[in-house]
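S.K.: Everything below, folded, please.
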Amino acid sequence: MTSRVLAGTEVELNEEGFFVDATQWTDEMATELADEWGVPTPLTEQHWQVLHFMRQEYFEKGTGPTVRKLGKSSGVSVKELYQLFPKGPAKLAARVAGIPKPRGCI
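M.R.: Take a look at the predicted model:
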């Protein structure tokens, strides 16, 4: 694990860059993380819709949703997800949303 300062707050990330404690995340951190991980910025309303959906699913179910679940339930199509988060929507969105890597992600 490593400590990093994001939006002025020290947070713990695992070796893959995922938050260890999802409660440390803030919206301000998302912009920094998006820039770092190659997400097209500025973050749009659709980005925020996906990020907040990811967090809601994580806190309700203990894991982030898969791409398929995101496409069916977030209000953003799978095609749009790949445009918003081009290097693997579920994994990349989880990083930017400050939650652990979803189960099933390689």
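S.K.: From residue 87, how far out is residue 37?
M.R.: 7 Å (CB to CB, to the nearest Å). Every C-beta, even on glycine, is put in place using the N, C-alpha and C of the backbone.
S.K.: the more surrounded of these two?
M.R.: Neighbour tally, residue 37 and residue 87, criterion other CB atoms under 10 Å: the higher count belongs to residue 37, 16 against 11.
S.K.: wait, that one sits on residue 95?
M.R.: Yes - in terms of CB atoms under 8 Å, residue 37 counts as a neighbour of residue 95; the distance is 5.7 Å.
S.K.: Can you pull the residues that touch both of these two?
M.R.: Overlap of the contact sets of residue 37 and residue 95 (by CB atoms under 8 Å, 6 or more residues apart in numbering) consists of residue 17.
S.K.: List the buried residues for the lengthiest helix in the chain?
M.R.: Looking across the chain with DSSP state H, the single longest helix is helix 45-61. For helix 45-61, burial by neighbour count (16 or more other CB atoms under 10 Å) applies to 46, 47, 50, 51, 53, 54, 55, 57, 58.
S.K.: And stretch 86-97, by the same measure?
M.R.: By neighbour count with 16+ other CB under 10 Å, stretch 86-97 contains the buried residues 89, 90, 91, 92, 93, 94, 95, 96, 97.
S.K.: Fine by me, we can end here.
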